[in-house]
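[1] Let's see this in three dimensions:
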Amino acid sequence: MKTIPAKNHKFLKAPGVINLEITDMCNARCRHCYNFWREDTASLCSMSKESMDRILDIFIESGVFHIIFTGGEPFMNLKVLEFGLKKALENNISVSCNSNLMLTTKDNVKKLRDIGLDHILTSLNSHDPATNDYIVNVKGAFKKIITGIENAVKCGIRVSVNMIVSQINKEHVYATGRLAHDLGCQKIFGTRVVPSVNVKDIDESAFKLEKENALNTLRQLVRVKEATGIMIGTLVAYPLCLLSDLEKYKDFVGRGCPGQSRYLMSVNANGDTHACVHQKDGYGNIFEEGIYEPYNRMRAWHDESYRYKGCEGCDYIDICRTGCRMSAHGYFGKYDERDPLMTGKDSFVKPYRIVYDESVYGKIDGGLKFVAPKRLRFRKENGFHLVNIRWANTIAVDDETARFLIKNRDSGKEFDINDFGRDKREILARLFFKDVIESRYAAYDDLRDKVGLSVNPFDLK
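    Numbering: from 1, shown residues only. As a prediction, this is how the structure comes out:
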């Protein structure tokens, strides 16, 4: 068995993924909502078709790979959502949508599916109607969400459920996951609540999560996966030291802090930019400055300045990125403070590393054939390329590897290690396990199972 260490991140010229809020309006009033401006109704705005057209031109020019259309509630700006989805897809930008699904009908979700939308992330905060409706602050919301999920699934749209877990619903994760599975959802996220800037006293608020309750959230998710096979995850990083047993909780390893990932930017409906959707601080307006200057102002998120110094020396710092920086800011007023769920770098009892079975190398050395699929997208950076695997999943590769992959993607020809270079066997294996390249070998899926965790999205030289 061979352990593969993590490698350093690289700086990018522009984000690869945009979280695009097309409206501030929403038909729910979630008690945990991070939209800090929601209380000031005068600040609400929605994108026009002309604004959407203009901002998409900026994203196309800068090489954005994926756009998450969100809000507010994007169905409250449905015509602009339809226009945005269509133009993005026509320009080889993949798309997804975040929606509470309460405004869906069979007709409008079918129209979005016909345009090309194939995934929606929705919110379902409890299997219990009363609890869910209390959290979203709308009577009858549970029934509407369930109907919305059913409408989307019947239309062939993949639905993932995000459950914001707090003191209110901390024991509801397993049952909510079972419900999501029964409704035909592909994934359930158990996302820890992040303190809103509107919360005056976090310690007195029900919208917090203590360490043991946070860990119990993950236990419940593991149980529901074992019972149903549904995929599980979280949208906000849990510090890995809290997990301790990384093998047991492997589905939650590798997420890290999205704001530090270097490839994500959040854009409000008025064009203001943020490194994280939970962040109040802005970095400039895209409509006024374009994308490059605001993105460059986020450099402190990208150069490790916001990492908690107490994590130095931890073997997992490049995977975890010291947990959720917005939780640290919410509790302690600083981006570089400790994540309140941290237990310390000596807490690990079972590691989880990238480990390739030596039999995989035997197959590669024996002439296993690969193809570079047509779905791959590339973007030239300073000294390397980004290769987008699908949706928001992107890694960095060296320029020579990128040129090889582009050539074989365009030709459709199979290749093996002799074509790629026998001195690059390790890179070839990593491309395979990251799903950059595929094999028509009959036991292809069995080979994939012989690998541990892929630690971060920018780890190829």
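[2] what's the residue closest to the geometric middle of the protein?
    L235 (6.2 Å; CA atoms, centre = their mean).
[3] Doesn't it belong to a helix?
    No - under DSSP: H, G, I helix; E, B strand; the rest coil, L235 sits outside any helix and is assigned coil.
[4] OK, contacts around it?
    For L235, the contacting residues are N162, F189, T191, R255, P258, by CB atoms under 8 Å, 6 or more residues apart in numbering. Just so you know, the C-beta spots here come from the backbone N, C-alpha and C atoms, and that holds for glycine as well.
[5] try 6 Å this time
    Listed by CB atoms under 6 Å, 6 or more residues apart in numbering, the contact set of L235 reads N162, F189, T191.
[6] from the residues you listed, which is closest to T394?
    F189 (20.0 Å; CB to CB).
[7] just to revisit the earlier point, just the pLDDT for the residue nearest to the centre of the chain.
    At L235, the pLDDT value in this model is 95.
[8] From R192, how far off is it?
    Per CB to CB, to the nearest Å, L235 is found 9 Å from R192.
[9] repeat for S347
    In this view, S347 and R192 are 17 Å apart by CB to CB.
[10] Which one's more surrounded, the two?
    More neighbours surround R192 than the other of S347 and R192, with 25 against 15 (other CB atoms under 10 Å).
[11] Quickly note the distance from that one to I164.
    Spatial separation of R192 from I164 under the definition CB to CB is 8 Å.
[12] Give me the neighbour count for K139.
    11.
[13] now W391
    16.
[14] Likewise for K350?
    Around K350 there are 12 residues (other CB under 10 Å).
[15] pLDDT at it, what is it?
    86.
[16] quick one: which helix or strand includes R178?
    helix 173-182 (DSSP states H and E).
[17] Show me the shaky parts of the stretch 351-461 of the chain.
    353-357, 442-461 (pLDDT under 70).
[18] do the stretch 51-200 of the chain as well
    Those would be 197-200, if you go by pLDDT under 70 across the stretch 51-200 of the chain.
[19] at 80 what do you get?
    196-200 (pLDDT under 80).
[20] And the strands in this structure, which stretches?
    Secondary structure of the chain by DSSP state E: the strands cover 2-4, 17-21, 66-70, 94-98, 119-123, 158-165, 187-192, 231-233, 264-267, 273-274, 354-356, 377-380, 385-390, 393-397.
[21] Out of those, flag the one nearest D251.
    strand 231-233 (5.0 Å).
[22] Name every strand pairing with that closest one and say which way it goes.
    Here strand 231-233 has these sheet partners by DSSP bridges: strand 187-192 (parallel).
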